[in-house]
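Participant: please find the sequence and the predicted model below.
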Amino acid sequence: MNGGGYEDEKLFDFAKDSLTEIADENEPFNFTMLTADTHYEDGYATDETPDLFEDQYSNVIHDSDEKIKEFIDWMKTQPFFEDTTVVLVGDHLTMDSDFFEDIDPSYQRTVYNVFLNTGKNEVNNNNRLFSALDMYPSTLSALDVQIPGDRLGLGVDLFSGEQTLMEQMGYEAFDEEMTKRSDYYDEYLMQGSDYDIERRNADE
């Protein structure tokens, strides 16, 4: 274990053990895990990380891709996979400061998200504008939960034909609204946050 958690090399072995144990209980389950080797500046490399490219970050990304693929392939061989939906979600673009500095500035980088084994056949999945808000109803929908109106909170089920807030408003207007402060939110929902502590200190 290091400052950011377990190395991915150990994490996947732990996950296999846990999933096997949970699935043997024959009850519906959720299992969530976070890979973090690609999170660090230049990535987190171990002695086992293959040295295939000139820079460490490329090697770490490649190694992470291979580990995730192997893990999914392993799940496909397990008895529980037939009734299990897998959701891969990226929470943000890389924070590595210089890895993409030579990329064409007109290229639009995006976060990688994918739903596997959903049973959804007809999906409106081309050129969508969406945000993390939409992953909530979409994940439930992937599990075959019926959502009246195809909306939950501020999110839209991406498997439906409904427009997301970002599609309705456009990216810039959506971003402007989402970055506004809410005194009510800060006061009643974010108690104990850094903002709350800073405001208390300022009042004193």
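Facilitator: Perfect, thanks for sending it. Numbers count the residues shown, from 1 in each chain.
Participant: what's near enough to touch the most centrally placed residue in the chain?
Facilitator: Closest to where the C-alpha atoms of the chain average out (CA atoms, centre = their mean) is residue 89, at 2.6 Å. Residues near residue 89 by CB atoms under 8 Å, 6 or more residues apart in numbering: 111, 113, 135. For the C-beta atoms, the positions are set from N, CA and C on the backbone; glycine is no exception.
Participant: so what's the second one bridging to?
Facilitator: When bridges are called by DSSP bridges, residue 113 pairs up with residue 89.
Participant: was I right about it contacting residue 88?
Facilitator: Yes: with contact defined as CB atoms under 8 Å, residue 113 reaches residue 88; the gap is 6.6 Å.
Participant: these two - which one has more neighbours?
Facilitator: Between residue 113 and residue 88, residue 113 has the larger neighbour count (other CB atoms under 10 Å), namely 16 against 12.
Participant: quick one: the more buried one from residue 89, how far?
Facilitator: According to CB to CB, to the nearest Å, residue 113 stands 5 Å off from residue 89.
Participant: same check, this time on residue 153
Facilitator: For residue 153, the distance to residue 89 (CB to CB) stands at 16 Å.
Participant: same check, this time on residue 71
Facilitator: 15 Å.
Participant: give the buried residues for the lengthiest helix in the chain.
Facilitator: Taking DSSP state H as the criterion, the chain has its longest helix at helix 56-76. By 16 or more other CB atoms under 10 Å, the buried positions in helix 56-76 come out as 56-57, 59-61, 63-64, 67, 71, 75.
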